[in-house]
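**Q** Give me a 3D structure for the following:
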Amino acid sequence: ENIIGIKDSSGNIVQIAETVKNSVPEFSVFAGSAGFMLPALAVGARGATVAFGNIMPDECSRLFSLFREGKMEEARELQHRLLEINFTITAGMGIPALKAAMDMLGFQGGFPRRPLRVLLEEERKILEGVLKRCRARQES
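**A** Sure, this is the predicted structure:
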């Protein structure tokens with residue numbers, strides 16, 4: 001009775017759907033990654049709590065709003081545009097990339113804590129390229 005919700009970062013949409021289906025109405029399920037935010041919302045998640053929101057808060061909020069407004073085609077297009085940068089950070093380079101991306105975008109990312117290390121120069125260049133492509137897609 002003290003647990004009111006869960007953040008599911010598994011990426012398993014069937015599992016998220018089952019959790020929603022088998023929960024009482026007051027229980028909230030949240031997507032744990034921007035990579036599957038739209039599919040999770042489609043099966044009943046109430047929202048998302050995603051690290052990606054630290055570097056692209058407007059886009060994450062917009063995706064949620066588009067879904068709530070029933071603008072599925074626009075939501076789907078936005079979800080697809082966010083996949084590359086989300087994958088690069090979360091599955092590829094992790095927390096160091098998230099912090100570096102925050103710095104690159106004018107937020108305060110700072111340094112990762114040990115045992116994590118800052119990105120190598122080669123990794124920074126890859127991340128910069130992905131960020132540039134993502135911004136170019138948003139402007140087109």
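**Q** With adjacent residues omitted, what lies nearest to the most centrally placed residue in the chain?
**A** Residue closest to the mean C-alpha point of the chain, counted by C-alpha atoms, centre = their mean, is residue 34 at 2.2 Å. Nearest non-adjacent residue to residue 34, counting by C-beta to C-beta, 6 or more residues apart in numbering: residue 52, 3.7 Å away. In this view, the C-beta of every residue, glycine as well, is placed from N, C-alpha and C.
**Q** Check residue 84 too.
**A** Nearest-residue entry for residue 84: residue 130, 5.9 Å, with adjacent residues in sequence omitted and distances by C-beta to C-beta, 6+ apart.
**Q** separation between the one you found and residue 60?
**A** Residue 130 is 17 Å from residue 60, where distance means C-beta to C-beta, to the nearest Å.
**Q** same question, residue 48
**A** Distance, residue 48 to residue 60, using C-beta to C-beta: 7 Å.
**Q** How about residue 41?
**A** Going from residue 41 to residue 60 by C-beta to C-beta gives 11 Å.
**Q** shared neighbours, these two?
**A** residue 48 (C-beta atoms under 8 Å, 6 or more residues apart in numbering).
**Q** For stretch 127-140, what does the pLDDT average out to?
**A** Averaged over stretch 127-140, pLDDT sits at 80.
**Q** just the helices in the chain please.
**A** With DSSP state H as the criterion, the chain has helices at 13-21, 37-42, 57-68, 72-87, 95-104, 121-139.
**Q** Using TSV, lay out the ones you listed together with distance to residue 115 and mean neighbour count.
**A** Putting the helices of the chain into TSV (distance: least, C-beta to C-beta, whole Å; neighbours: other C-beta atoms under 10 Å) gives the following:
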stretch	distance to residue 115	mean neighbour count
helix 13-21	30	15
helix 37-42	29	22
helix 57-68	28	16
helix 72-87	23	17
helix 95-104	11	20
helix 121-139	17	14
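**Q** Out of those, which gets nearest to residue 27?
**A** Smallest distance to residue 27 across those (C-beta to C-beta): 8.4 Å, for helix 13-21.
**Q** Show residues contacting the worst-scoring helix or strand of the chain on mean pLDDT.
**A** In the chain, no helix or strand scores lower on mean pLDDT, DSSP states H and E than helix 121-139, which sits at a mean of 85. Contact with helix 121-139 is made by 56, 59, 81-82, 84-85, 88-89, 93, 96-97, 100-101, 104-105, 119, as judged by C-beta under 8 Å, 6+ apart.
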